[in-house]
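S.K.: model this:
(2 chains)
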Number of protein chains: 2
Amino acid sequence: MRMAAIAGIGETKMGRYPDRSLRDMILEAGGRAIADSGMDKKEIEAVYMGNFNSQRLCGQGHLGPLVSEVLGLGNIPTIRTEGACASGSLAFRMGLLAVMSGIYDTVLVGGAEKMTHQPTELVTEAIVSAMDYEIEAMEGFTFPANFAMMANRYFYEYRNVKREMAMNAVNAHYNAARNPDAQMPKEVTLEKVLFADLIASPLSLFDCSLVTDGAAFLVLTTSDKARALGKHRLVEVAGSGHAGDTVTLYTKKCITSFEAAKSAAKQAYDQAGLKPADIDLAEVHDCFTITQIINLEDLGFAEPGHGADLVAEGATALHGSRPINTSGGLKAKGHPIGATGISQMYEIVTQLRGDAGARQVKKADIGLTHNLGGTAATGLVHIFRGQ
Amino acid sequence: MRMAAIAGIGETKMGRYPDRSLRDMILEAGGRAIADSGMDKKEIEAVYMGNFNSQRLCGQGHLGPLVSEVLGLGNIPTIRTEGACASGSLAFRMGLLAVMSGIYDTVLVGGAEKMTHQPTELVTEAIVSAMDYEIEAMEGFTFPANFAMMANRYFYEYRNVKREMAMNAVNAHYNAARNPDAQMPKEVTLEKVLFADLIASPLSLFDCSLVTDGAAFLVLTTSDKARALGKHRLVEVAGSGHAGDTVTLYTKKCITSFEAAKSAAKQAYDQAGLKPADIDLAEVHDCFTITQIINLEDLGFAEPGHGADLVAEGATALHGSRPINTSGGLKAKGHPIGATGISQMYEIVTQLRGDAGARQVKKADIGLTHNLGGTAATGLVHIFRGQ
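M.R.: Numbers count the residues shown, from 1 in each chain, chains lettered A, B, ... in the order given. Now for the predicted structure:
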């Protein structure tokens, strides 16, 4: 297997775009990624496109050829991948394996989602299609309720980490305020977070990620080709992991730690020949603030039950020892579901290139992304290394 | 790259199942494929699942982990692929590339769709999400209208082939009457087809494929592992091709021949080291009877404008020189969209193994499947060889 690298990145600003179509956001973000790479678009041999719900919410499926048509890529093969909130990282992994195994040299990998134009009831209904419908969603189970149960169980097994969950939100908004692509670039205080309206106890408003429209794309090629471009610092894909878990919550052995994330992380670390301690910064799947604490443990940054300690001591803040979600995360940069995994990689590449401006971290040589789907039934971890 | 082979196959009978869930059909078809392989399900390392519209029509997305949960496959990685009516073949190709490149040894590849429980208006709306929504579907363009335009243009460029289109329907129903898994296992006469109600001129009722519920699965593994099982005749994947085209109809250079199909066929023939004349039988994407005539030309079985000649002379009938759609095809076996590509392969493997009973063809050593998505914006061709 040969090494692959990110040659170009592009994304839209995340936000609410009732007047923009999927096509329009794909054109902007995809065009930017190709331009950023400096490559001729004729070199792109395939498209891998992550999307969760465009059929339900926009009437548009079959996004693969829509992407190739909009960007003028010709008769190349395309595919849409879906794994709920991990749809973007699935597209990335499929493209990565194709490049590493020599099937294609250069591919375009992306994700897009448009949700905010629909009524909240329909968006909620569309989102719960990421969990089991027949047994759980039909009973009225929603994602805030799902992760609230996980938080309550976490409090029972370990300790109450409501304060550290609030600190995650404060950090996310602090970072988002320094990210021009963030949907909510506004700082919040710990008091504001702690006294916000309850959504599903113990989760309140600021414990929940955003509903977001947006698109993000990457040009992925062989390390040799990317090195020859010489336009940016070379950012190689050092490790990739992908694992699963049951889709129903009731069959999971444990809901305070996610098997799919732990297994994907182990695969990625092993492939990269790295340990958790080697990771300089990470973008993790903070769909809710409790998830971020569980993520820190699943990725090996903290022992089980001690993720919140890292938050409390400031390690995860922008200038802490291991900054987490410097982009603002799903919580404050936004959660454009099918694009989220790609948008996480956009941030890591931006940091590794030293292009993150007001939110640039000092040491950014090795970065990690962690993307979950649904009730953590899909998990992907990727490790990137700046050369 | 190493060779891959089909170790096991399973499918539901195609039909209308208002009282069965996706889960139930996945359990039946997936369970059958694993049992047919004779392998321990612990050997399955990943799931590739094709589906087009389960979120819109069933409220259920994230089908990958649903499959692994239902079949008890553990924490393995899963993915759902979507490329409209070619979603199943996309799943197959992703699984195939993973096995051939050594990422996994054994994978489960499948597809499922459940549509008939919804009102026709909603099903139509869901299906048009396979074409461009913003420019074409929003104007009221539907798939029968789409392929009717293609047929009219074909009549203009070459000749009127309405009679041969009807013969395709007669052949399909003849074959379906010999297939226990077919949705419409009933023979029809040429007169009945020719004088049926018009849907979109020149297409009448029997020119259109079916709306179908169903699921189909394959166990795909290395040729070495499949050979060692020794349970069935070894059926290897000799060639795979995947190409695309624009999603809008108005931007296509030609609508009487499909670039995606021609390019995918060329890739598959080249990889297999075979020519069209080497193919004993094929399952082609007869979403409409005109499509089958175009397919015969795109696959190289006939010169442009002469696909209908093959039909007229009986070459494509069950005991003709090159039988086409011995299963009954999308037209009479059924078109369970996300499962269709896998169901085509189910038929080819069944024929190559000599297990096709009343519809068994005499010479079945090399078979081909051809699957299109939407307005032929996605095209996949696979070639299978019995050893």
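
S.K.: what comes up buried for stretch A:68-75?
M.R.: Buried residues in stretch A:68-75, counting neighbours by 16 or more other C-beta atoms under 10 Å in any protein chain shown, are found at A:68-71, A:73-75. Any C-beta I mention is one placed from the backbone N, CA and C, and that applies to glycine too.

S.K.: Which of the residues you listed sits closest to A:Arg32?
M.R.: A:Leu71 (10.7 Å; C-beta to C-beta).

S.K.: ok, the closest one - contacts?
M.R.: By C-beta atoms under 8 Å, 6 or more residues apart in numbering or on different chains, the contact set of A:Leu71 is A:26-27, A:30-31, A:34, A:41, A:108.

S.K.: Show me the residues you listed that map onto helices.
M.R.: In helices, judged by DSSP state H, the following of these are found: A:26-27, A:30-31, A:34.

S.K.: top of those residues by neighbour count?
M.R.: Neighbour count (other C-beta atoms under 10 Å in any protein chain shown) singles out A:Gly30 as the most crowded of the ones in helices among the contacts of A:Leu71, with 30 neighbours.

S.K.: I'd guessed it sits against A:Gly10; true?
M.R.: Yes - here A:Gly30 reaches A:Gly10: they are 6.6 Å apart, a contact under C-beta atoms under 8 Å.

S.K.: circling back to that earlier point, identify the farthest-apart pair in the buried residues of stretch A:68-75.
M.R.: Farthest-apart pair in the buried residues of stretch A:68-75 is A:Val70 and A:Asn75; separation 14.4 Å (C-beta to C-beta).

S.K.: circling back: turn the contacts of A:Leu71 into CSV, columns for pLDDT and distance to A:Thr326.
M.R.: Formatted as CSV, the contacts of A:Leu71 follow (pLDDT from 0 to 100; distance: C-beta to C-beta, whole Å):
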residue, pLDDT, distance to A:Thr326
A:Ile26, 98, 26
A:Leu27, 98, 27
A:Gly30, 98, 24
A:Gly31, 98, 25
A:Ile34, 98, 25
A:Lys41, 97, 30
A:Leu108, 98, 25
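
S.K.: And those, which is closest to B:Asp132?
M.R.: A:Ile26 (12.3 Å).

S.K.: show me the contacts for the closest one.
M.R.: Listed by C-beta under 8 Å, 6+ apart, the contact set of A:Ile26 reads A:63, A:66-67, A:70-71, A:110, A:112, A:215, A:217.

S.K.: Could you report the separation of it from B:Ala356?
M.R.: As defined by C-beta to C-beta, to the nearest Å, A:Ile26 lies at a distance of 44 Å from B:Ala356.

S.K.: shared neighbours of A:Gly30 and A:Gly10, anything?
M.R.: A:Phe217.

S.K.: Specify the beta-bridge partners of the residue nearest to A:Lys266 when sequence neighbours are not counted.
M.R.: Nearest non-adjacent residue to A:Lys266, counting by C-beta to C-beta, 6 or more residues apart in numbering or on different chains: A:Gly241, 6.7 Å away. For A:Gly241, the beta-bridge partners are A:Val381 (DSSP bridges).

S.K.: I figured A:Gly241 hits A:Ala268, correct?
M.R.: Yes - between A:Gly241 and A:Ala268 there is a contact at 3.8 Å, judged by C-beta under 8 Å.

S.K.: okay, and the common contacts of those two?
M.R.: Counting by C-beta under 8 Å, 6+ apart, the common neighbours of A:Gly241 and A:Ala268 are A:381-382.

S.K.: now the strands for the stretch 51-200 of chain A?
M.R.: For the stretch 51-200 of chain A, applying DSSP state E, counting those that start in this stretch gives strands covering A:78-82, A:106-113, A:198-200.

S.K.: Return the list of helices and strands in contact with the second one.
M.R.: Using 3 or more C-beta pairs under 8 Å, 6 or more residues apart in numbering or on different chains; DSSP states H and E as the contact criterion, the elements in contact with strand A:106-113 are helix A:22-37, strand A:46-50, helix A:63-70, helix A:87-100, strand A:214-222, helix A:337-353.

S.K.: Closest to the centroid, which residue in chain A?
M.R.: Here the mean C-alpha position of chain A is nearest to the C-alpha of A:Gly341 (C-alpha atoms, centre = their mean), at a distance of 3.1 Å.
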